[in-house]
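>>> Just need the structure, nothing else, for what follows:
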Amino acid sequence: MDIKWILKRFDELTVDELYAILRLRSEVFVVEQNCAFQDIDNKDQSSHHFMGWNNNLLCAYTRIVPPGIAFKIPSIGRVVTSPKTRGGGLGRELMEKSIEETIKIYGNGDIKVGAQYHLKKFYSSLGFNQSSDIYLEDGIEHIEMLRKGAFS
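Predicted coordinates for the structure are as follows:
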């Protein structure tokens, strides 16, 4: 699959890009995972948005959140791949590229994720280590995970 990767600040997103982002996040986090939660949380405006497009389909997305918004350090959140494109390693590629983009923006320091607990092994394989106890978020077990950077 030929993916075109694009990173934009919130104010650079087109209306169609923003719609696709919110649609994909809703499709997976609200409908597929059966969670009624407030996805639009006022963190989007200060974040970078990393998108993987195949033609007109948003296949993969993350939100790169600056320090002081979700955590004291930069974080990667709203990690999502389209159900239409799963199973071919796109999630790993998305996270590897998101880590690279976060380092380009904020330097090679620590990065945090709030991960669904069942994905601990996946995030561990990308250099993240569990840094909190298990907590419930929208009825799903989560943990905070930390990836140490060169400046730690």
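
>>> Relative to the helix or strand of the chain with the lowest mean pLDDT, what are the paired strands and their orientations?
Least confident helix or strand, the chain: strand 135-137 with a mean of 92, by mean pLDDT, DSSP states H and E. According to DSSP bridges, strand 135-137 has the following sheet partners: strand 140-147 (antiparallel).

>>> buried set for the partner strand?
Going by neighbour count (16 or more other CB atoms under 10 Å), the buried part of strand 140-147 is 142-147. In short, each C-beta sits where N, CA and C put it, glycine included.

>>> Need the contact partners of that strand.
With CB atoms under 8 Å, 6 or more residues apart in numbering as the test, strand 140-147 has contacts from 33, 35, 71, 99, 110-118, 120, 123-124, 126-136.

>>> low pLDDT regions in the protein?
For the chain, the stretches flagged by pLDDT under 70 are 151-152.

>>> how about the strands in it?
Assignment of strands within the chain using DSSP state E yields the ranges 4-9, 48-54, 57-65, 75-81, 111-116, 129-130, 135-137, 140-147.
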